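Peer 1: next comes the sequence, and after it the predicted model I'd like to discuss.
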Amino acid sequence: MVATERLALLGGAPEIARPLQPYPSIGAAEAAAVKKVVESGCLSAFYGSPGDQYLGGPNILQFEAAWSARFKARHTVSVNSATSGLFAAMGAIGIGPGDEVIVPPYTMSATVMAPLVYGGIPVFADIDPDTFCLDPAQVRRAISPRTRAILAVNLFGHPAPLAELRALADERSLMLIEDNAQGPLATENGRYAGTIGHIGVFSLNYHKHIHTGEGGMCVTDDDQLANRLRMIRNHGENVVEEWQVNDLTNMIGFNYRMTELSAAVGLVQLADADVHVRRREALAQTLSRELADLEGLTVPTVRPGCRHVYYTWSARMDDAKVGVSRALFSKALLAEGVPNMAGYVRPLYLLPTFQRRIAIGKQGFPFNLSEVTYPRGLCPVAERMYARELIGFETCAYEPTDENVALIVGAFRKVHAQRAALAASGER
């Protein structure tokens, strides 16, 4: 690429002529594992009643044990999605009507829906502009007498300030839950993200570093929380007597069970996790190194002592310094063949659920609390990132060959070099 070449958006040839190929995350080993399960005739071995099969079949038990060993957790409880895992975590810690759970506004919507399932009230705290994770100072300000938990998200693969949030939670007798859907193998000061809170929830959705198509894993070092997660996963009302459970809070069970097929795939994926994660890390680190000199673009920050595993490579753009809006820069990149995200998600308190305060039943949110409001401007950093600054590339989605990385870098540099022509073009 020559930096003076005409932009594809303005009639030139695109930097990337053919669509980027998806990341090849499933191979012969996964196929063989699935075949073995199918031939066994046991696609699931869960029973929703007391007995040997209450905790699942051989692949489930093996997968949970392997996950615990890898992440140095006392207990792992598999589920059919990270969403289910978040719901189960809220139930396990005893969230009930009117209890407040502090959440970030900048995350996948399941995170903030989880408290609502049990009648809890999501309270939004703003994010840090460098890592896009919860700002502990904002969390502290959000704590009230009704607060029962903090739900932190290790967004884009970077750990939230987990040790600081755990210390705050312990100080205020709160529970810390980690949504670690995007951060497997990320670390803070040598400890795995997902294992610093009281419960950590991992995603095995098809576009994650480690995946089983759909699925999730919950980890905890607390024996009681582990059993409560298991009961919520699998019709716990049927086993409370046999397990001698006296606290029946939220012991209405669901069916959040993972299949033997998914567990078999997960065992293979977990064994190869280092390979998958390192390839995505290498792609992102190359992007950061090669684009760090572009005026107005701030490549992803990595806090000291942290490992960022780059579910996405997420940078910030200063449109005043670049000379064009982020929306137009993103549009030009797309024309050059680079899929990209501009803004990630709208701050979640702007969803109709929160604006109209209707979630559980027809009478309230989830019951009538007139002082609970979610105005625009509630979390100004998150709103700014969404509206103007954040621009990213999904490192988990595409094959990170040296050629692809070079083409992506070339496209960024081409658009940046031609930003004056872009600004003068009349494109929006």
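Peer 2: Great, that's in hand.

Peer 1: low pLDDT regions in the protein?
Peer 2: For the chain, applying pLDDT under 70 flags the ranges 1-4, 364-370.

Peer 1: ok, which stretches of it are strands?
Peer 2: Ranges of strands within the chain are 75-79, 100-103, 121-124, 147-153, 175-179, 187-188, 191-192, 199-203, 216-220, 297-298, 306-307, 313-317, 341-342, 390-393, based on DSSP state E.

Peer 1: what pairs with the first one, parallel or antiparallel?
Peer 2: The strands beside strand 75-79 in its sheet (DSSP bridges) come out as strand 216-220 (antiparallel).

Peer 1: and the contacts of the partner strand?
Peer 2: With contact meaning CB atoms under 8 Å, 6 or more residues apart in numbering, strand 216-220 is reached by 64, 67-68, 71, 73-85, 88-89, 181, 194-195, 198-204, 226, 229, 258. To be clear about C-beta, it is placed using only N, CA and C from the backbone, and glycine gets the same treatment.

Peer 1: tilt between that strand and strand 175-179?
Peer 2: 150 degrees (axes from the mean of the first three to the mean of the last three CA atoms, to 10 degrees).

Peer 1: next, the angle strand 199-203 makes with strand 216-220.
Peer 2: Relative orientation of strand 216-220 versus strand 199-203 (the same axes, to 10 degrees): 160 degrees.

Peer 1: okay, buried residues for strand 216-220 please.
Peer 2: Buried residues in strand 216-220, counted by 16 or more other CB atoms under 10 Å: G216, M217, C218, V219, T220.

Peer 1: tally of neighbours for A292?
Peer 2: Using other CB atoms under 10 Å, A292 has 11 other residues around it.

Peer 1: before we move on, what about V38?
Peer 2: Counted with other CB under 10 Å, the neighbours of V38 add up to 13.

Peer 1: ok, now the one 10 residues further on?
Peer 2: One way to gauge burial is a neighbour count; for G48, by other CB under 10 Å, it gives 17.

Peer 1: so who does the nearest residue to it once chain neighbours are set aside touch?
Peer 2: Distance criterion CB to CB, 6 or more residues apart in numbering; nearest residue to G48, sequence neighbours excluded, is H235 at 3.7 Å. Contact analysis of H235 by CB under 8 Å, 6+ apart lists G48, S49, G253, F254, N255.

Peer 1: mind doing that once more with 7 Å?
Peer 2: Contact partners of H235, counting by CB atoms under 7 Å, 6 or more residues apart in numbering, are G48, G253, N255.

Peer 1: ok, the last one to Y374 distance?
Peer 2: For N255, the distance to Y374 equals 32 Å [CB to CB, to the nearest Å].

Peer 1: these two: which is more packed in?
Peer 2: Taking neighbours as other CB under 10 Å, N255 and Y374 compare with Y374 leading, 21 against 11.

Peer 1: I'd say that one and P352 touch.
Peer 2: No - if you go by CB atoms under 7 Å, Y374 and P352 don't touch, sitting 10.7 Å apart.

Peer 1: how about the helices in the stretch 251-400 of the chain?
Peer 2: For the stretch 251-400 of the chain, the helices defined by DSSP state H, counting those that start in this stretch occupy 260-271, 273-291, 319-322, 326-335, 352-355, 380-384.

Peer 1: just say which of those helices is most tucked in.
Peer 2: Among the helices of the stretch 251-400 of the chain, the stretch with the highest mean neighbour count (mean count of other CB atoms under 10 Å) is helix 260-271, at a mean of 22.

Peer 1: could you say what helices and strands that one packs with?
Peer 2: helix 28-40, helix 58-71 (3 or more CB pairs under 7 Å, 6 or more residues apart in numbering; DSSP states H and E).

Peer 1: need the winner for burial among the ones you listed.
Peer 2: Of all the helices and strands packed on helix 260-271, helix 58-71 has the most neighbours on average by mean count of other CB under 10 Å, namely a mean of 19.

Peer 1: who touches it?
Peer 2: Applying CB under 7 Å, 6+ apart, the contact partners of helix 58-71 are 37, 55, 74-78, 192, 194-195, 217, 219, 258, 260, 263-264, 266-267, 270.

Peer 1: just the CA trace of that helix, in CSV.
Peer 2: Output of helix 58-71 as CSV, limited to C-alpha atoms (Å, rounded to 0.1, in the frame of the first residue of the first chain):
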residue,chain,number,x,y,z
PRO,A,58,-18.5,-38.3,32.5
ASN,A,59,-17.6,-35.6,30.1
ILE,A,60,-19.2,-32.9,32.2
LEU,A,61,-17.4,-34.1,35.3
GLN,A,62,-14.1,-34.3,33.5
PHE,A,63,-14.5,-30.9,31.9
GLU,A,64,-15.3,-29.3,35.2
ALA,A,65,-12.3,-30.9,36.9
ALA,A,66,-10.0,-29.9,34.1
TRP,A,67,-11.3,-26.3,34.2
SER,A,68,-10.7,-26.1,38.0
ALA,A,69,-7.2,-27.4,37.5
ARG,A,70,-6.4,-24.9,34.8
PHE,A,71,-7.8,-21.9,36.5
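
Peer 1: that one vs helix 28-40, what angle?
Peer 2: Interaxial angle, helix 58-71 versus helix 28-40 (the same axes, to 10 degrees): 150 degrees.

Peer 1: report the angle between helix 58-71 and helix 273-291.
Peer 2: Using the same axes, to 10 degrees: helix 58-71 against helix 273-291 is 50 degrees.

Peer 1: and helix 58-71, how far from the chain's centre?
Peer 2: Distance of helix 58-71 from the chain centroid (CA atoms, centre = their mean, to the nearest Å) equals 21 Å.

Peer 1: mind starting the numbering at 554 from now?
Peer 2: In the new count, where the first residue is 554, that last one comes out as helix 611-624.

Peer 1: what's the angle from that helix to helix 813-824?
Peer 2: For helix 611-624 against helix 813-824, the angle between stretch directions is 20 degrees (the same axes, to 10 degrees).
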